[in-house]
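*Asks:* Need coordinates for the following:
(chains A and B)
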Amino acid sequence: MRSTLRWIALIIAAVVFLVPFFVLVRDGVATGWSTVEEVFTDSDLSFARSLLNSTIVAVLQTVGQIVLCSLAGYGLARIPYRHAPVVLYAIVATLMVPTAVTFVPSFVVVSSLGWLSDFRGLVVPGLFSALNVFLFRQYFLDFPVALEEAGRLDGLSAWGTYWRIVIPNSTGFLAAIAVIDFIGSWNQFLWPLLIAQDSSTWTVQVALSNLLTAQNPQPTLLFAAAAVSLLPIVLLFIIAQRYLVRGVTDMDNSAPLTGPGGPHPIPGGGPGASLPAGGRGEGVV
Amino acid sequence: MTRGATRTFWLFVGPFAAGLLLFTYLPIGWSAYLSLFDARNTVTPTDFTGFDNYRDILTDRAFLDSIGTFTLFAVFIIPTTVVLALVLALLVNQIRFARAFFQSVFFLPFACSYVVASLVWKMSLFSGVDSGVVNTVLGWFGGSPRAWIGTVDPPLYWVVLVTARLWLQLGFYMILLIAALRRIPRYHYEAAAIDGATPWQSFRHVTLPGLRGALIAVLTLNLINAYQAFDEFYNILGDSRGYPPFARPPLVYLYYTSLGSGGQDLGRGSAGAVILALVIALATLLSGRVFRRAR
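*Replies:* The predicted model follows:
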């Protein structure tokens, strides 16, 4: 009896969760291939351009974040520098400042650098994720020291050990962080909305939002465009779900702020938000 | 050795630290500075006005309303998220067959952006027409169709905003809670069973205490995220005529004050950012206190 109820609840919940995806497919893609073609050929949309922009931004941000944050995390975990605790504190402290609240001043900095409607403005400010550094540090603290010592005995410097021993043995963790960073970067909205003022630099989220808030939004075209924008991420999700779950779980285990469970990148978050930001925002999360 | 270590350390940490200084610390400092000036349409103001920006914004009805909007949003979204994420985690964790399938289905919206979700919610699920998905379902049960987004009294648009966010983020929190559930040692349940505990009692005295940390994390993350809500408000409520005068959370307010097409009042926007940062810092500290007490 209990078990029957449980299954009924699960199935109803699953159907409800899938309805939005069903709607996208039914009202967008299933109306015919010509709609999807129109999405790409309509010159007013410059949708193909925005897909390309999003790809460039997400790839650069993911690679950049992984390199910068893993280096910093390794230095903090393994190099015996006297003031390392102070540096760590200065980095973790920025987690307390919600990234999206700093969007006005960050915009000011980026605009005075002349980076508006420029890929540098879209990509660079989001590279410095304190959360990622924290996660990498936790991970490297648990990395087997014996492996690193073997590298040292072979005459490798700390730099050499990092690139030849530590990184090749950390691919699972790197993949977990990379998937989360990529999804977060692809889905972020507020920051590109501020920075990409010229339509040639619109990311796909900004392009969709402009369609949605236009005078007479065309539903079929909108749904087809949204489905196209979602497809790469859903594929990534399906292929890399194992890493994704691991990444989310690692975030929970390491906890800079709240005991067990820390802040996560906000889905759709501002600069510095590493993911899912959230917001979330994402971020973060 | 020490000098070598210092150089090596900065070789690793230096590039990141430089970026953090430029794109996090500098903006915070600059913001505090701008907030003391008349900085309309300029980032290098010369007209020092002291705390005028703070006084203006704290007496601005729209700013106070935005704090009220956030509070209302938090009251709707936080309890529903915590309870539903917990229910999903328990349901998924208890089944043996097809567990991976259900976990994936609930986690899948994590891949979706707030913009795409807003689009589906606005144009299809909660569109005011009779053929909208929710109105159709209402029709099956004899209900009459409603204009969900356009109805201000009662504020039905909250249903649209809250369900969109729930759909997007429940899976993420469910994953966190499932991980926490698996960390509860099995022998705790065995001990409870030997003591003759009912399922409810073992939930109340084993599961809930075991999830305490994770539940606090879900709650805190949720609060911080709700505070920064922007994407779905902007895309669901905004249209070609702009944004309605109600239901503006803090970030939407700041967006239109400091960067919107109206005047760019960066001084006032910065003052708002400083106040919001203080409020969230205070709330985080307080909630930490309260939960530590409650232990």
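*Asks:* in the helix or strand that contains A:Leu68, what counts as buried?
*Replies:* Taking DSSP states H and E as the definition, one finds A:Leu68 inside helix A:47-78. Buried residues in helix A:47-78, counted by 16 or more other CB atoms under 10 Å in any protein chain shown: A:47, A:49-51, A:53-54, A:57-58, A:60-62, A:64-66, A:68-78. Heads up, the C-betas are built off the backbone N, CA and C, glycines and all.
*Asks:* do stretch A:187-197 as well
*Replies:* For stretch A:187-197, by 16+ other CB under 10 Å, it's A:Asn187, A:Gln188, A:Phe189, A:Leu190, A:Trp191, A:Pro192, A:Leu193, A:Leu194, A:Ile195, A:Ala196.
*Asks:* So what does the closest residue to the first one other than its chain neighbours have for phi and psi?
*Replies:* Setting aside the residues directly before and after it, A:Asn187 is nearest to B:Ser113 in space (CB to CB, 6 or more residues apart in numbering or on different chains), at 3.7 Å. Main-chain torsions, B:Ser113, degrees, to the nearest 10: phi -80, psi 160.
*Asks:* ok, back up a step: columns pLDDT and secondary structure on top of the buried residues of stretch A:187-197, output as a markdown table?
*Replies:* Shown next, in a markdown table, are the buried residues of stretch A:187-197 (pLDDT from 0 to 100; DSSP: H, G, I helix; E, B strand; the rest coil):
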| residue | pLDDT | secondary structure |
| --- | --- | --- |
| A:Asn187 | 96 | helix |
| A:Gln188 | 95 | coil |
| A:Phe189 | 95 | coil |
| A:Leu190 | 92 | helix |
| A:Trp191 | 93 | helix |
| A:Pro192 | 95 | helix |
| A:Leu193 | 93 | helix |
| A:Leu194 | 91 | helix |
| A:Ile195 | 92 | helix |
| A:Ala196 | 91 | coil |
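*Asks:* Which one of these is nearest to chain B?
*Replies:* A:Asn187 (3.7 Å; CB to the nearest CB).
*Asks:* residue contacts, the residue of the stretch 1-150 of chain A found nearest chain B?
*Replies:* Scanning the stretch 1-150 of chain A for the residue nearest chain B gives A:Gly75, at 2.8 Å (criterion: CB to the nearest CB). A:Gly75 makes contacts with A:Tyr81, A:Ala84, B:Thr8, B:Phe9, B:Trp10, B:Leu11, B:Phe12, B:Val13, as judged by CB atoms under 8 Å, 6 or more residues apart in numbering or on different chains.
*Asks:* If we use 10 Å, what do you get?
*Replies:* Counting by CB atoms under 10 Å, 6 or more residues apart in numbering or on different chains, A:Gly75 touches A:81, A:84, A:87-88, A:133, A:136-137, A:140, A:158, A:162, B:8-14, B:16-17.
*Asks:* Whichever of those residues end up buried, select them in ChimeraX.
*Replies:* In ChimeraX syntax, the buried subset of the contacts of A:Gly75 is picked out as below (16+ other CB under 10 Å):
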select /A:81,84,87,88,133,136,137,140,158,162 /B:8,9,10,11,12,13,16,17
